[in-house]
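In: Have a look; sequence and predicted model below, questions after that.
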Number of protein chains: 2
Amino acid sequence: MSDFYRKTLKEKGLKVTPQRVAIFEAITHLKNHPTAENIIAYIKKNHPNISVGTVYKVLDSFVENKLLSKVKTEKDIMRYDSVLTNHHHLYCTETDRIEDYEDEQLNELIENYFKTHKIKNFNIQEVKLQISGKFNN
Amino acid sequence: MSDFYRKTLKEKGLKVTPQRVAIFEAITHLKNHPTAENIIAYIKKNHPNISVGTVYKVLDSFVENKLLSKVKTEKDIMRYDSVLTNHHHLYCTETDRIEDYEDEQLNELIENYFKTHKIKNFNIQEVKLQISGKFNN
DNA sequence: TCCTCAAAGATAATAATTATTATTTAGGAA
DNA sequence: TTCCTAAATAATAATTATTATCTTTGAGGA
Ligand SMILES: [Mn+2]
Ligand SMILES: [Mn+2]
Ligand SMILES: [Zn+2]
Ligand SMILES: [Zn+2]
């Protein structure tokens, strides 16, 4: 169960603490690209004394160590993403829902496009789509 | 000069105030997708008594009225975009620079792709690319 | 088992943004 | 042109998300 988290933390050279394991578990469990607040609320059930500062610090270090990424939004609040494969996002214009969109064919299309259409003075590392619209239910 | 701003505001049914004209002028003048702070600093030169709250409120109403859009970033700070045509963004992974990237051919490619690859339960309104990488100088 | 230093907890501070409220003013009506 | 009024602004306080500080704790190696 939590052995996966412990193992991954160790591989990254991060000390294995109950807080880190709990946060790691929370972000893989929570869907919809949770906020720090979402994560704290979830963890508090089993770990009521966890400190807010700890959660922010751990999230930061997870981002640095590429266990997590940040999701860009136009709200004044950060959201986190545990899916690390190259994927895109569906943003609902009505709610705050953000869903993952994986599409290997699209990735190839874009990759090929930029192979033949270099951007001057710019070296591309990653291309992500933010697809805005509405979910039908 | 400022007649364009006055005219545009009037068209949108917004009262024409010196503050709104100044903010409108600032955002079209400032490059690199300015923050509210950037805008305030710029305006203060000619308009030293403008209030921070006013700037935020005006920016909000400009976004609502589609005179501006917000730019997604992974920092805890909002940035604004006066370019309203459908365009994409180059994010520098080293600095906070965000440049516009316009590419009609790419837009068509993507549009056509999604015509034949509908996303289930989702109605696309807009697709934007966030292209991360490094500027060569 | 013991030590040590990195991590966690508690708390205060900061930064960005929003809310409140008194004052001013744009712009339509008289 | 003057007057009126709703809407906008300025000043200020409050809120929210995040970060910093500092003391205590405990993970993990010796
Ligand atoms: Mn903030
Ligand atoms: Mn904030
Ligand atoms: Zn995602
Ligand atoms: Zn732009």
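Out: Nice, I can see it. Numbers count the residues shown, from 1 in each chain, chains lettered A, B, ... in the order given. Ligands and ions are numbered 1, 2, ... in the order given.
In: In chain A, which residue sits nearest chain B?
Out: A:Lys72 (3.6 Å; Cβ to the nearest Cβ). The C-beta positions use only the backbone N, C-alpha and C, and glycine is treated the same way.
In: Next up, the contacts around that residue.
Out: Contacts for A:Lys72 were tallied using Cβ atoms under 8 Å, 6 or more residues apart in numbering or on different chains; they are A:Gln130, B:Lys72, B:Thr73, B:Glu74, B:Gln130.
In: If we use 7 Å, what do you get?
Out: B:Lys72, B:Thr73, B:Glu74, B:Gln130 (Cβ atoms under 7 Å, 6 or more residues apart in numbering or on different chains).
In: pLDDT score for it?
Out: Looking at A:Lys72, its pLDDT is 93.
In: so how far is B:Thr116 from it?
Out: The spacing between A:Lys72 and B:Thr116, counted by Cβ to Cβ, to the nearest Å, is 28 Å.
In: For A:Val55, give its distance to B:Ala22.
Out: Plainly put, A:Val55 is 41 Å away from B:Ala22 if you go by Cβ to Cβ.
In: Could you do A:Arg6 as well?
Out: 57 Å.
In: Looking at these two, which has the bigger crowd around it?
Out: B:Ala22 (22 against 15; other Cβ atoms under 10 Å in any protein chain shown).
In: Determine whether the claim that the more buried one is in a helix is correct.
Out: Yes. Counting by DSSP: H, G, I helix; E, B strand; the rest coil, B:Ala22 is found in a helix.
In: Could you look up the SS state of A:Tyr80?
Out: Applying three-state DSSP: A:Tyr80 is strand.
In: quick one, what contacts it?
Out: A:Ile27, A:His33, A:Pro34, A:Leu59, A:Leu68, A:Lys70, A:Val71.
In: the strands in chain A, which residues?
Out: For chain A, the strands defined by DSSP state E occupy A:69-71, A:79-81, A:88-92, A:98-101, A:122-135.
In: phi, psi of the residue nearest to A:Pro18 when sequence neighbours are not counted?
Out: Spatial nearest neighbour of A:Pro18, excluding adjacent residues (Cβ to Cβ, 6 or more residues apart in numbering or on different chains): A:His47 at 7.1 Å. When read as degrees, to the nearest 10, the backbone of A:His47 gives phi -150, psi 60.
In: Tell me if I'm right that A:His47 and A:Ala22 touch.
Out: Yes. Using Cβ atoms under 7 Å, A:His47 is in contact with A:Ala22, at 5.0 Å.
In: Identify the bridge partners of the most centrally placed residue in chain A.
Out: Compute the mean C-alpha point of chain A, and by Cα atoms, centre = their mean the closest residue is A:Asp81, 1.2 Å away. With DSSP bridges as the criterion, A:Asp81 is bridged to A:Ser69.
In: could you list every residue that touches it?
Out: A:His33, A:Leu68, A:Ser69, A:Val71.
In: Report pLDDT for it.
Out: For A:Asp81, the model assigns a pLDDT of 95.
In: ok now do A:Val58, which residues does it touch?
Out: A:Gln19, A:Arg20, A:Ile23.
In: and the closest residue in space to A:Lys70 that isn't next to it in sequence, how many neighbours?
Out: Distances taken as Cβ to Cβ, 6+ apart put B:Glu74 closest to A:Lys70, at 4.2 Å, once the chain neighbours are dropped. Counted by other Cβ under 10 Å, the residues lying close to B:Glu74 total 15.
In: Please report the distance of B:Glu74 from B:Tyr5.
Out: 32 Å.
In: and what of A:Ser132?
Out: For A:Ser132, the distance to B:Tyr5 equals 28 Å [Cβ to Cβ].
In: Repeat that for A:Thr73.
Out: For A:Thr73 relative to B:Tyr5 (Cβ to Cβ), the value is 29 Å.
In: can you check A:Thr17 too?
Out: For A:Thr17, the distance to B:Tyr5 equals 55 Å [Cβ to Cβ].
In: Which one of those two is surrounded by more residues?
Out: B:Tyr5 (18 against 13).
In: now the helices for chain A?
Out: A:3-11, A:18-29, A:36-44, A:52-64, A:104-116 (DSSP state H).
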